[in-house]
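Visitor: Just need the structure, nothing else, for what follows:
(3 chains)
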Amino acid sequence: MAKDEDSVPSEYKYVWQPESGTSLDDFVQKYRPSMVQNDGTKPWIWVTGDKVHATADGWLTAIEEAADILKETTEKVEAIKNDASIPVRSNKKTGARSKKEVREEVQAEATEKLKAISQKHGYVTGKWLIFAPADKVDMIWSGIAKSIVSGPLASTAAFRAKVSTSPENDQPHYQHVICVYVPDVYDKDAMAEVMRVLLRNHGAALSGVKSDLYTYIGIDSKHPSGIPSTIWKNNAVISDVEAKELKDIFFKDLAETKPDTTASTDAAADRPATTLAAAPKKPQLKKKKKVNDPFASDSDEADNEPENDKTAVKPPSANSTKPLSKASIKPPSKASAKPPSRASAKPPSKKTTKRKADPFESASEDEDRSGSDSDKKPVKKATKPLKKRSKIEEEDEEEGPKRQPRKRTSVRK
DNA sequence: ATTGTCGCGAATGCCTGCCT
DNA sequence: AGGCAGGCATTCGCGACAAT
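Guide: Alright, predicted model coming up:
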């Protein structure tokens, strides 16, 4: 997400607020994410609840300090990568730590520092990230939007939500992003409360909690620093088991209510009675004649923020908030200039890029040939996972010789 | 605009057995 | 016994994809 995407743009028609004057029902019906095409000027649809949330005074300072940490961490990570004295793999004998271990320590340190900066300056807002497939996004979005204003989400810390609109070019498996904003991402209890409502009342596919500070300084999942881009992952907030139970309840309720495509998740507010399963097919996007917009982005890069959206309530004017270049750090290839290893003398095995079949297609196939699971499951899945060496040794100590003698397969010099 | 998982190739630690 | 070579086992990173 781009650095300034967390502000509700002023003079932007795809925003609903309590003082908007129109009904929320009309708004969500009129501006459905599947139907609003982002021509570069309308990347998001926003809904804001009653709660007023002011941006912390120290947000700009926080961003400056955080950007320094990020820069420093990115450089450290790059140095580790290039440091020949740090082995790729750790070594038990010498006690040497691997690049990965050293790197993760640096990243964990950075995460702690960023948290401290956020809290020191009171800039701790953030959002739950939710991904929604194109054919269900309207339903999920309208449910969440209404919930934020006058539903179960309204009684949680959540105060605002936005959803991404449809891309200009029809993309086959496009996933919309829904962000549900919260005032303090470090308040675990509040995060859990919002998460429970999103699961129980909206059946949402949650991805994690991301801080606005991270967004502003450009930390995303592909950032070269490798700093985890989310403050909380799902299972860190509530257990997988509880999450599954809550979703089960949602879908159970869904199944029990009329499988009628006219239902919508907004009813889930008090009575979770909606039909994700019976969701209508993705409505035909009204393809507008493509206006030649010189300001419109011709890239799908989320960071290419449309000019209109930059007329934000809180403009991030400082240069220091500019996200670091994502491409600047990554080396071209891991092969680099290393001498060939012994293993590399092995005949190259052909790369067969097997991909999973279409889930919808395979679902019916599964039913048809339920008896031949092994035929279609990936080999790795069908077989027992390889034992780790240490595990093998543990077992062998009890049961027999440490290692089976191997037959020489080649004559040594 | 995220995480987890899978499947794969590459790299390399570590073990074994042969040879001196 | 120690060095060495061969080769297995494991780690790591990457790209693609699915997610209720």
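Visitor: Please count neighbours and contacts with C-alpha atoms only from this point.
Guide: Fine.
Visitor: Where do the helices of the stretch 51-200 of chain A begin and end?
Guide: Using DSSP state H, counting those that start in this stretch, the helices found in the stretch 51-200 of chain A span residues A:59-82, A:99-121, A:137-150, A:188-202.
Visitor: List the buried residues in the last one.
Guide: Looking back up the chat, that one is helix A:188-202. Buried positions in helix A:188-202, judged by neighbour count with 16 or more other CA atoms under 10 Å: A:190-202.
Visitor: cool, and the first one?
Guide: For helix A:59-82, the buried set under the neighbour-count rule, 16+ other CA under 10 Å, comprises A:59-67, A:69-70, A:73-74, A:76-78, A:80-81.
Visitor: what angle sits between it and helix A:99-121?
Guide: 170 degrees (axes from the mean of the first three to the mean of the last three CA atoms, to 10 degrees).
Visitor: can I have helix A:59-82 written out in PDB, keeping just the CAs?
Guide: Taking C-alpha atoms only, helix A:59-82 is exported to PDB below (Å, rounded to 0.1, in the frame of the first residue of the first chain):
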ATOM      1  CA  TRP A  59       3.000  11.300  13.500                       C
ATOM      2  CA  LEU A  60       5.400  13.200  11.300                       C
ATOM      3  CA  THR A  61       8.200  12.900  13.800                       C
ATOM      4  CA  ALA A  62       7.400   9.200  14.100                       C
ATOM      5  CA  ILE A  63       7.600   8.700  10.400                       C
ATOM      6  CA  GLU A  64      11.000  10.500  10.200                       C
ATOM      7  CA  GLU A  65      12.400   8.400  13.000                       C
ATOM      8  CA  ALA A  66      10.900   5.200  11.600                       C
ATOM      9  CA  ALA A  67      12.300   5.900   8.200                       C
ATOM     10  CA  ASP A  68      15.800   6.100   9.700                       C
ATOM     11  CA  ILE A  69      15.400   2.800  11.400                       C
ATOM     12  CA  LEU A  70      14.100   1.200   8.200                       C
ATOM     13  CA  LYS A  71      17.100   2.600   6.200                       C
ATOM     14  CA  GLU A  72      19.500   1.400   8.800                       C
ATOM     15  CA  THR A  73      17.900  -2.100   8.900                       C
ATOM     16  CA  THR A  74      17.900  -2.400   5.200                       C
ATOM     17  CA  GLU A  75      21.600  -1.600   5.100                       C
ATOM     18  CA  LYS A  76      22.300  -4.100   7.800                       C
ATOM     19  CA  VAL A  77      20.400  -6.800   6.100                       C
ATOM     20  CA  GLU A  78      22.300  -6.100   2.900                       C
ATOM     21  CA  ALA A  79      25.600  -6.200   4.700                       C
ATOM     22  CA  ILE A  80      24.700  -9.600   6.200                       C
ATOM     23  CA  LYS A  81      23.900 -10.900   2.800                       C
ATOM     24  CA  ASN A  82      27.300  -9.700   1.500                       C
END
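Visitor: what about it, average pLDDT?
Guide: Confidence for helix A:59-82, expressed as mean pLDDT, is 91.
Visitor: Could I get the full set of strands for chain A?
Guide: With DSSP state E, the ranges of strands along chain A come out as A:15-16, A:44-48, A:126-133, A:160-164, A:175-182, A:206-211.
Visitor: Let me have the ones you listed in TSV, extended by mean neighbour count and distance to DNA strand B.
Guide: Below are these laid out as TSV (neighbours: other CA atoms under 10 Å; distance: least, CA to the nearest atom of the strand, whole Å):
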stretch	mean neighbour count	distance to DNA strand B
strand A:15-16	20	16
strand A:44-48	25	9
strand A:126-133	22	6
strand A:160-164	26	8
strand A:175-182	24	4
strand A:206-211	22	5
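Visitor: okay, those strands in TSV with mean pLDDT and distance to residue A:242 next?
Guide: As requested, the strands of chain A are exported to TSV (pLDDT from 0 to 100; distance: least, CA to CA, whole Å):
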stretch	mean pLDDT	distance to residue A:242
strand A:15-16	95	33
strand A:44-48	95	28
strand A:126-133	94	18
strand A:160-164	95	24
strand A:175-182	94	20
strand A:206-211	93	14
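Visitor: okay, these in CSV with distance to DNA strand C next?
Guide: Below are those laid out as CSV (distance: least, CA to the nearest atom of the strand, whole Å):
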stretch, distance to DNA strand C
strand A:15-16, 25
strand A:44-48, 18
strand A:126-133, 6
strand A:160-164, 14
strand A:175-182, 6
strand A:206-211, 6
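Visitor: just checking, residue A:180 touches residue A:158?
Guide: Yes: with contact defined as CA atoms under 8 Å, residue A:180 reaches residue A:158; the gap is 6.5 Å.
Visitor: which secondary element of chain A has the worst mean pLDDT?
Guide: helix A:379-382 (a mean of 32; mean pLDDT, DSSP states H and E).
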